[in-house]
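Q: 3D, please:
(2 chains)
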Number of protein chains: 2
Amino acid sequence: MTRLLLPPVSFRLPAAVRGLSLVLLALCATLGAPGSRASDEGNPELAGTGLTPSSLEHARQLRDRALQGTLAWDIVESLTTEVGPRLAGTEAEVRARDWALKRLRRMGFENVRVEPFEMQTWVRGHEYAAIVSPFPQPLEITALGGSVATPADGLEAELVAFDSLSALRAAPPGSLRGRIAYVGHAMQRTQDGSSYGHYGKLRREGAAVAAGKGAAGILIRSIGTDSHRFPHTGSMRYAEGVEKIPAAALSNPDADQIERILARGKPVRVRLELAPEVLGTTESGNVIAEIVGRERPEEVVIIGGHLDSWDLGTGAIDDGAGVAITTAAAKMILDAERRPRRTIRLVLWGAEEVGLLGGHAYLERHREALGQQVIGTESDFGAERIWQITAQVSEPGQKVVDQMAALLDPIGVARGSMDKAGGGPDLIPLVEAGFPSLRLVQDGRDYFDLHHTHDDTLDKIDPAALDQNVAAYVVFAWLAADSTVDFRR
Amino acid sequence: MTRLLLPPVSFRLPAAVRGLSLVLLALCATLGAPGSRASDEGNPELAGTGLTPSSLEHARQLRDRALQGTLAWDIVESLTTEVGPRLAGTEAEVRARDWALKRLRRMGFENVRVEPFEMQTWVRGHEYAAIVSPFPQPLEITALGGSVATPADGLEAELVAFDSLSALRAAPPGSLRGRIAYVGHAMQRTQDGSSYGHYGKLRREGAAVAAGKGAAGILIRSIGTDSHRFPHTGSMRYAEGVEKIPAAALSNPDADQIERILARGKPVRVRLELAPEVLGTTESGNVIAEIVGRERPEEVVIIGGHLDSWDLGTGAIDDGAGVAITTAAAKMILDAERRPRRTIRLVLWGAEEVGLLGGHAYLERHREALGQQVIGTESDFGAERIWQITAQVSEPGQKVVDQMAALLDPIGVARGSMDKAGGGPDLIPLVEAGFPSLRLVQDGRDYFDLHHTHDDTLDKIDPAALDQNVAAYVVFAWLAADSTVDFRR
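A: Next up, the predicted model:
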């Protein structure tokens, strides 16, 4: 019975049409169900999944159509060109939401809306650093997101060097008084992005640890794998009861330079000027668009990417690509004029970069309908090809994932761990609340060359790789939404 | 007789020692000459060149020793780390000269000195650009070297786009009044660097052409082949009687962005802020070090690279590499304790980037001894391997070049045109005055990815490729200096 209840969201779009649609959809679902069951009988692998051979065939056709070319490139081209950088909470993110609403409505999605939330907004200001002695020269740096400013006339101090966050933690209390901590831990490439959690701790926690030792500031080697003079920004946080000190990242070549000078055994004095500001409370929001399910419209399969980006680049691989891949996949399903049983909800998350604020806001708003968020995954790891599918779902859910994996195998997606949680950053709050996990893992070997830098721009994206991603998302979204299984363990 | 005359330069180093050395060297040369001639008789290819089989064998040994590893990496590491950026005419270039004098003396070269000259010095200031409408976003730009400043409160104007310098030239007079010209000609890669002359015209002449049409400013697509958000600086010049307008380069991805927006058919308004300054007259200089010839000390073979760099990067490939390659080659010859007949003069040119000022100053100072500048070549095309040797020399000189080519063939250097002028930018004034040409052509396919950007840093250099360069320079310098031929056509 619950299947005919409306999801607890405030629809903003054609309410009358929606009411009628739902009645018609429910009717169709009732009529269609016996036929589906009949087909299931011939295929024991589909038993209990709600999927039919015709449903699988539809997924296959969508996949092949995607490989012939999709809208994804046009979408990411439009977002990165017409909006460009779109820092969470700023007027640029407002423009991104307007961009999304306009386009999603024009594409014909249902229930296109913003689910707004409030946030504290930080913006970058003037930033400059230089070696003062022994070898005066400018340094390429950028403030970490959330950093406090230096004094207005800058901070000048001697560096104390550490080769890792652990080494910084081991420094005696008070030993960094009046100094700037430098931590030079060099991130290593991984295909699945797993190094980010490990190395990224330095960016997130470094300032708090250094401040705890008395440091006046911290400079870290960028959490990035390139050797270009692009510092990588990214969010950081302070600790309760510890002084807030300015925190910035050096590009990898600049970190090399610092280390070469330190290796000469001379004290290195650095000047740091950062003037970020906190704008106070502003509005962000998740942009939502749907394909309402024909049979279980209140049950929701989530796909999406995040709409906000860091301010340095135009947010092409992070995460214009994810927005484009998932929007294009949803649009293909919409255009195929065959509705899945369940609703496909495209969520273009707001304020991901500054603490997964959109993900938390979504959970807050949909907590009561948590049981109806059946499964989902987010595309937020660049624009390269998907090479692996991982999941952590129920036994019946695994049958559906097996069908997905079989359809993705020919396009280069290997079956990975089927006991692995995680479906993308904005889904973390949901996953922690019991939401089933599935991930379409992109090849991230080059992702951290560009991530959070000025260089995250459209030219880095290969349209053919985008289309392969769309092919995978269309298979996932269609099969998850056309099935009836409970994916929850 | 002229061979015992001193070159008309003011020696600053051990004058007494020098006088004695020259006498001894002349004695040795007299004693050694008959032996050399005797050896020539057995090898008709060497007849009239002054080279002996033993001289060739020495070149071969030096070459092989270079391939086993040289000082070149240490030199470029030291220069780019301890001096860093060294813009012509600034105190940073003074530090570079001090660095060079100290190291060259410590290495044991003779006649280590600066030949100073005066110049007008330009320095970069604040620079900023953004699209104001239709899609507001910042742009990565940098002022071209020599550009005037914008008004203090910036220049805001609509763009008028051209796809090449020719198209800009074809614009009707007055048609750009109050606008900013944008020229988007995209440089293409070449192995020999020959595209630089062609595409570089836009950077050098674009402002004068645009100003002639009434433009208030000019933005060009960088003269560069990368797709990173590094704008490429480089020198430009104004024309007599034409207004001086501010000129800057956009990074390639930013130029792409501009062109995508223009393709939407909307007017593009841009804000440009440039605050460079002219410091007035300051001093630059060529740093010189020698291995005085044993037999014809007044005859000079020139090798070198330029000591100045643009201010954005640390001048690793342009031209720390050239300084390192040629200094290491000279040092190997010095350490082998066998003096060539002629003097090898290492010239670390000053103020190359801003108009070959060091090259012009050298010609001015040594014009009377022009006939004693026997041949030379400059390493100023990055740090990749040498793949070709070209020359334009006399018939007897060709015999020596043939010996060089034979020794370089096994290390991957092909014999190129033997009727091709050019030996590096700082030698242009000399070549125009009749100086024989020889070029050891580096592989420049990636050179314009880094050239004149923030990203010209040490990490881009492969030490093994540097050593191959040293091997080629050591062969050239030794054979040219141990020969007696007149290379002049």
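Q: A:Val431: neighbouring residues, count only.
A: Number of residues near A:Val431 (other Cβ atoms under 10 Å in any protein chain shown) recorded here: 18. C-beta: built from backbone N, CA, C; applies to glycine.
Q: quick one: contacts for it?
A: A:Ala421, A:Gly422, A:Gly423, A:Ser437 (Cβ atoms under 8 Å, 6 or more residues apart in numbering or on different chains).
Q: Also A:Gln61?
A: A:Ala336.
Q: could you say which helix or strand contains it?
A: Per DSSP states H and E, A:Gln61 falls inside helix A:53-67.
Q: Any buried residues in that helix, and which?
A: Across helix A:53-67, burial judged by 16 or more other Cβ atoms under 10 Å in any protein chain shown covers A:Ser55, A:Leu56, A:His58, A:Ala59, A:Leu62, A:Arg63, A:Arg65, A:Ala66.
Q: next one: stretch A:180-195
A: For stretch A:180-195, burial by neighbour count (16+ other Cβ under 10 Å) applies to A:Ile180, A:Ala181, A:Tyr182, A:Val183, A:Gly184, A:His185, A:Ala186, A:Met187, A:Thr190, A:Asp192, A:Gly193, A:Ser195.
Q: Quick check: mean pLDDT of the helix or strand containing the third one?
A: Assigned by DSSP H and E, A:Tyr182 falls within strand A:180-183. Confidence over strand A:180-183 (mean pLDDT, whole number) is 98.
Q: For it, list the C-alpha coordinates in CSV.
A: Extracted in CSV, the C-alpha atoms of strand A:180-183 (Å, rounded to 0.1, in the frame of the first residue of the first chain):
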residue,chain,number,x,y,z
ILE,A,180,55.1,27.5,10.0
ALA,A,181,54.8,23.7,9.8
TYR,A,182,55.6,22.2,6.4
VAL,A,183,54.5,18.7,5.7
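Q: Give the partner strands of that strand in its sheet and their orientations.
A: Counting by DSSP bridges, the strands paired with strand A:180-183 are strand A:155-162 (parallel), strand A:217-221 (parallel).
Q: In JSON lines: those, plus mean pLDDT and mean neighbour count.
A: Output for the strands paired with strand A:180-183, formatted as JSON lines (pLDDT from 0 to 100; neighbours: other Cβ atoms under 10 Å in any protein chain shown):
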{"stretch": "strand A:155-162", "mean pLDDT": "98", "mean neighbour count": "19"}
{"stretch": "strand A:217-221", "mean pLDDT": "98", "mean neighbour count": "28"}
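Q: how about the ones you listed in JSON lines, adding distance to B:Glu91?
A: Below are these laid out as JSON lines (distance: least, Cβ to Cβ, whole Å):
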{"stretch": "strand A:155-162", "distance to B:Glu91": "19"}
{"stretch": "strand A:217-221", "distance to B:Glu91": "25"}
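Q: Would you mind saying which of the ones you listed lies nearest B:Glu273?
A: B:Glu273 lies closest to strand A:155-162 among those, at 25.9 Å (Cβ to Cβ).
Q: any idea which helix or strand comes after the closest one?
A: helix A:165-169.
Q: thought A:Pro297 was touching A:Arg339?
A: No. Taking contacts as Cβ atoms under 8 Å, A:Pro297 lies outside contact range of A:Arg339: 9.3 Å.
Q: List the contacts of stretch A:457-470.
A: The contact list for stretch A:457-470, computed with Cβ under 8 Å, 6+ apart, reads A:66-70, A:72-73, A:76-77, A:80-81, A:313-314, A:316-317, A:320-321, A:324-325, A:328-329, A:332, A:379, A:383-386, A:411-412, A:440, A:442, A:450, B:227, B:229, B:252-253, B:256-257, B:260.
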